[in-house]
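Colleague: what's the 3D shape of this:
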Amino acid sequence: MRKLFGEPEGSASPTLPELKARRSRTFKRRKAPAPNQWPRKLPRLPSTPLRIHLSEALLVVERLTVGLVGCGRWGRHILRDLISLGCVVPVATKSEKSRRNAFEGGASIIVDRLEELPDLDGVVVATPTVTHASVIETLLQRSVPIYTEKPLSCDPESASRLAEAAPERLFVMDKWRYHPGVEMLARIAREKELGPVLGLRTTRAQWGNPHSDVDIAWVLAPHDLSIALEVMGRVPAARCAVAETIGGEVTGLFGFLGDEPWMVLEVSSRFPEYRREIRLHCRDGVAILNDGYTEHLSVLRAQCSPGFEATEPELRRISNELPLLRELRAFVEHLKGGPPPRSSAAEGALMVRTIADLKALARLHEGAH
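Modeller: Got it, this is the predicted structure:
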């Protein structure tokens with residue numbers, strides 16, 4: 001051991017004063033040089049690396065300009081998330097309430113007309129459903145990617161026309177396709193974890209319709225069709241439908257779609273509770289998302305006993321990141337050169353056609369609201 005510390009073999013152990021003396025010699029403090037002894041010139045750093053770093057820094061702080069058309073009840077949340085993603089957001093809106101939302105939300109500028117918006121990298125549409133087609137047609141002249149709130153329109157013909165006009169740069173904001181619980185259901189279906197998929201059952205019910213321009217079918221059914229697209233990989237064809245109407249107003253719709261696998265959807269504006277439920281039925285069990293804000297996905301496996309008793313539900317943790325932020329991040333990344341958002345214009349047009357087919361099967365004439 002003494003060799004390890006430089007002590008000769010057989011030497012006596014150093015005394016405490018000797019150790020202190022060694023320590024003082026080893027850690028003797030150096031005096032700072034006098035000012036007249038400092039170098040007259042500091043060494044000059046090469047300028048080229050500094051110039052490179054500055055250019056990289058400029059790229060980092062460069063911000064996209066993403067326009068927002070409409071800033072109402074939902075548009076103000078879009079504004080919030082776009083700004084949180086580092087975007088400069090000019091807003092085009094007319095109503096006093098929406099202008100106040102835009103001002104309080106941090107819009108870079110607020111204008112009345114679409115033509116008054118500055119040069120944009122992309123644009124988000126959050127206006128009433130009945131205006132989607134006309135707003136998008138005006139924005140198509142800018143030749144930038146467009147992200148519109150669902151549905152693409154409330155008319156199959158205009159939806160098809162829009163999809164044909166801009167198949168590569170028009171996308172639909174189907175936020176439920178970005179819900180972590182729906183993505184988990186899609187993995188279960190894709191990997192056949194519970195066996196082959198038999199069908200999908202969705203319930204979307206609440207009290208009242210917050211939109212005055214379209215009926216509850218146009219407000220809620222697009223969500224469920226987008227879930228079918230994400231989980232089953234396609235939008236099943238409409239087969240049968242039953243509508244609930246009161247005084248000419250559509251307050252509910254039950255739709256039956258597809259065959260193998262099938263889909264049953266229910267939307268209603270006359271339900272005393274706020275309910276959002278998705279059930280994925282498979283041969284060997286059921287996976288359930290019982291609310292949009294739940295923390296867990298429930299998985300129940302069928303036993304092979306004669307009674308087919310279900311096991312205790314397995315609870316799988318779900319990320320709490322909001323779908324709106326996730327879909328807007330996908331759009332912003334697309335503007336930077338990334339892949340396109342999930343719902344294309346063609347898929348959006350197909351959903352519009354499917355809802356129109358369901359309403360026709362339910363014998364709802366065009367005057368029903």
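
Colleague: could you pull out the helices for this protein?
Modeller: In the chain, the helices defined using DSSP state H lie at 16-26, 47-61, 75-84, 96-105, 132-139, 156-165, 180-191, 216-232, 323-335, 345-361.

Colleague: list the buried ones in stretch 192-200?
Modeller: By 16 or more other Cβ atoms under 10 Å, the buried positions in stretch 192-200 come out as 194, 197, 199-200. C-beta here means a position set from N, CA and C on the backbone, and glycine is covered the same way.

Colleague: neighbours around residue 62, how many?
Modeller: Residues contacting residue 62 under the criterion other Cβ atoms under 10 Å number 9.

Colleague: can you put the helices of the chain in CSV and add distance to residue 314?
Modeller: Below are these laid out as CSV (distance: least, Cβ to Cβ, whole Å):
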stretch, distance to residue 314
helix 16-26, 64
helix 47-61, 43
helix 75-84, 32
helix 96-105, 41
helix 132-139, 41
helix 156-165, 40
helix 180-191, 11
helix 216-232, 18
helix 323-335, 23
helix 345-361, 32
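
Colleague: and residue 275, which of the ones you listed is closest to it?
Modeller: Closest to residue 275 of the helices of the chain, according to Cβ to Cβ: helix 216-232, at 11.0 Å.

Colleague: quick one: mean pLDDT for the closest one?
Modeller: Rounded to a whole number, the mean pLDDT of helix 216-232 is 98.

Colleague: show me the domain layout of this protein.
Modeller: Following automatic domain parsing, one finds the domains of the chain at 66-175, 177-321+344-361.

Colleague: endpoint to endpoint, the longest one covers what distance?
Modeller: What it means is domain 177-321+344-361. Terminal residues of domain 177-321+344-361 are spaced 26 Å apart (Cα to Cα, to the nearest Å).

Colleague: same question, stretch 134-143
Modeller: Distance across stretch 134-143, first residue to last, is 16 Å (Cα to Cα).

Colleague: what's the offset of it from the middle of its chain?
Modeller: Relative to the chain's own centre, stretch 134-143 is displaced by 23 Å; criterion: Cα atoms, centre = their mean, to the nearest Å.

Colleague: swap in stretch 70-88?
Modeller: Relative to its chain's centre, stretch 70-88 lies at 13 Å (Cα atoms, centre = their mean).

Colleague: got the buried residues for that stretch?
Modeller: Neighbour-count burial for stretch 70-88 [16+ other Cβ under 10 Å]: 70-72, 75-83, 85, 87-88.

Colleague: run through who's touching that stretch.
Modeller: Outside of stretch 70-88, the residues within contact range by Cβ atoms under 8 Å, 6 or more residues apart in numbering are 63-66, 68, 89, 91-93, 95, 97-99, 101-102, 104-108, 124-128, 149, 210, 324-325, 328-329, 332.

Colleague: grab the nearest non-local neighbour of residue 327.
Modeller: residue 178 (4.5 Å; Cβ to Cβ, 6 or more residues apart in numbering).

Colleague: coming back round to it: which of the buried residues of stretch 192-200 sits closest to residue 299?
Modeller: Out of the buried residues of stretch 192-200, the member with the shortest distance to residue 299 (by Cβ to Cβ) is residue 194, at 7.4 Å.
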